[in-house]
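# Structure of the sequence below:
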Amino acid sequence: MSRQAYSVEMPQMWQSPVVIASPHSGSNYLKTFVSQSVLDAKRLRSSEDAFVDQLFAVAPEFGMPMLTAQMPRAFVDLNRSSGELDPALIEGVRRRGQNPRVASGLGVIPRVVSNGRSIYRGKISMAEAQARIDQYWTPYHAALQQLLDASHARFGETILVDCHSMPHEAVEGVSPKRALRPEIVLGDRFGAAADGWIVDEIEAAFAEAGFRVARNAPFAGAYITQTYGRPARRQHAIQVEIDRSLYMDETDITPNAQFATVKAQLTRALSRVATLGSDRKPMAAE
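Take a look at the predicted model:
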């Protein structure tokens, strides 16, 4: 089942401590899932980080492993704790305190997609929710930790670059009206998830590739960045959010005319990101 949960593309020569991951670009919409939803397939895709895996697919050519989720975010959200269960969706879950993500319907098994549109007619069973976690969430995170551990063992440190996309409207209120809005937002939990010099280097890489870059607003990083960012252990995590309108039609969920250009820009950025820790000795991937 884990092969359905994720894919890993290893470089021919593992030359960088950087690990690239895309947890929200999965697009394997099971027929059983679509049939139990009140939404059509296109609306179910509205919270998907569509094509992010394609945009970053060149990473292994620069010596970096790439981990990609196969299942869609609307089915199971890999950027949430497995304990973020929604009592409004899952039968038998007790309300425990106030978790704003769960309350808004965006727990580990989402109740809504973009713009708060409900996915289901009613509730789902705890057994179904747990099966999704066991079959997809757990294998993905096990694979991610295994890659980070292997990278740390090879290079003495590891850097997770967790790749996402954001709706264009998410950055509309970030800058003053006359200021140019960011096209990429880096999230490092306000310095808690990665050493500052690493974030500086990643910001410079995207800026030199032609992107306007901001940090931690409106996205500072969620479960993955918080969980895997351990600078004291030389394990760093940075979330990358890309404005979807740069490369896709957000309504039709199709690549736009600038897709190839944006991918080329990202390739330039990745070529520099890969050099982080480049003084480490390259080793052949197993």
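# can we go C-alpha only for contacts and neighbour counts from here?
Fine.
# Go through stretch 214-227 and flag the buried ones.
214-221, 224-226 (16 or more other CA atoms under 10 Å).
# Pick the one among those closest to T267.
Proximity of the buried residues of stretch 214-227 to T267 (CA to CA) peaks at A214, which lies at 19.2 Å.
# Now do the SS call for the closest one.
Following DSSP: H, G, I helix; E, B strand; the rest coil, A214 is assigned to strand.
# which residues touch it?
182-186 (CA atoms under 8 Å, 6 or more residues apart in numbering).
# Tell me how far it lies from V108.
Distance, A214 to V108, by CA to CA, to the nearest Å: 27 Å.
# Same check on A170?
Computed as CA to CA, the A170 to V108 distance reads 21 Å.
# Now the buried members of the contacts of A214.
Among those, those scoring as buried are 182-186 (criterion: 16+ other CA under 10 Å).
# Tell me where this structure has helices.
Ranges of helices in the chain, per DSSP state H, are 2-5, 31-36, 41-44, 52-55, 100-103, 126-132, 138-155, 196-208, 223-228, 259-273.
# for the record, mean pLDDT for the first one?
To tie it back to what came earlier, the one meant is helix 2-5. Mean pLDDT, computed over helix 2-5, is 70.
# Touching, H236 and D162? I think so.
No: using CA atoms under 8 Å, H236 is not in contact with D162; the gap is 10.6 Å.
# mind listing the strands for the stretch 1-150 of the chain?
6-9, 13-14, 18-22, 66-69 (DSSP state E, counting those that start in this stretch).
# tell me the contacts of P23?
67-69, 73, 78-79, 162-164.
# Neighbour count for A170 and V108, which is higher?
V108 (26 against 12; other CA atoms under 10 Å).
# Now distance to Q12 too, for the helices of the chain, in CSV please.
Compiled in CSV, the helices of the chain are given as follows (distance: least, CA to CA, whole Å):
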stretch, distance to Q12
helix 2-5, 21
helix 31-36, 36
helix 41-44, 36
helix 52-55, 19
helix 100-103, 39
helix 126-132, 32
helix 138-155, 14
helix 196-208, 23
helix 223-228, 25
helix 259-273, 16
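# nearest to P17, of those?
Evaluated over the helices of the chain, closeness to P17 peaks at helix 138-155, with 5.4 Å, by CA to CA.
# Quick check: which helices or strands does that closest one pack against?
helix 2-5, strand 18-22, strand 158-166 (3 or more CA pairs under 8 Å, 6 or more residues apart in numbering; DSSP states H and E).
# distance of L106 from L180?
30 Å.
# er, V102 I mean
32 Å.
# How about N256?
Relative to L180, and taking CA to CA, N256 is found at 21 Å.
# And D77, by the same measure?
31 Å.
# higher neighbour count, those two?
D77 (23 against 11).
# measure that one to H24 for me?
7 Å.
# Could you do A260 as well?
In terms of CA to CA, A260 sits 21 Å off from H24.
# Could you check which of the two has the larger neighbour count?
Per other CA under 10 Å, whichever of A260 and H24 has more neighbours is H24, with 28 against 13.
# my guess is that one meets H164, correct?
Yes: between H24 and H164 there is a contact under CA under 8 Å: 6.7 Å.
# Need the residues touching each of these two.
Contacts common to H24 and H164, judged by CA under 8 Å, 6+ apart, are D49.
# Sketch out the low-pLDDT regions of this structure for me.
Residue ranges of the chain with pLDDT under 70: 1-3, 173-179, 278-286.
# Tell me who's in contact with V262.
V262 touches 55, 246-247, counting by CA under 8 Å, 6+ apart.
# Next one: it relative to Q54, how far apart?
The gap separating V262 from Q54 is 11 Å, by CA to CA.
# and what of G116?
Distance from G116 to Q54, by CA to CA: 27 Å.
# How about N79?
Noted for N79: a distance of 19 Å to Q54, by CA to CA.
# Also S165?
S165 is 12 Å from Q54, by CA to CA.
# Neighbour count for these two, which is higher?
Neighbour tally, S165 and Q54, criterion other CA under 10 Å: the higher count belongs to S165, 22 against 12.
# thinking the more buried one is in contact with D243, fair?
Yes: using CA under 8 Å, S165 is in contact with D243, at 5.9 Å.
# now, among the contacts of A214, which is nearest to A5?
Lowest distance from A5 to those (CA to CA) belongs to L186, with 25.9 Å.
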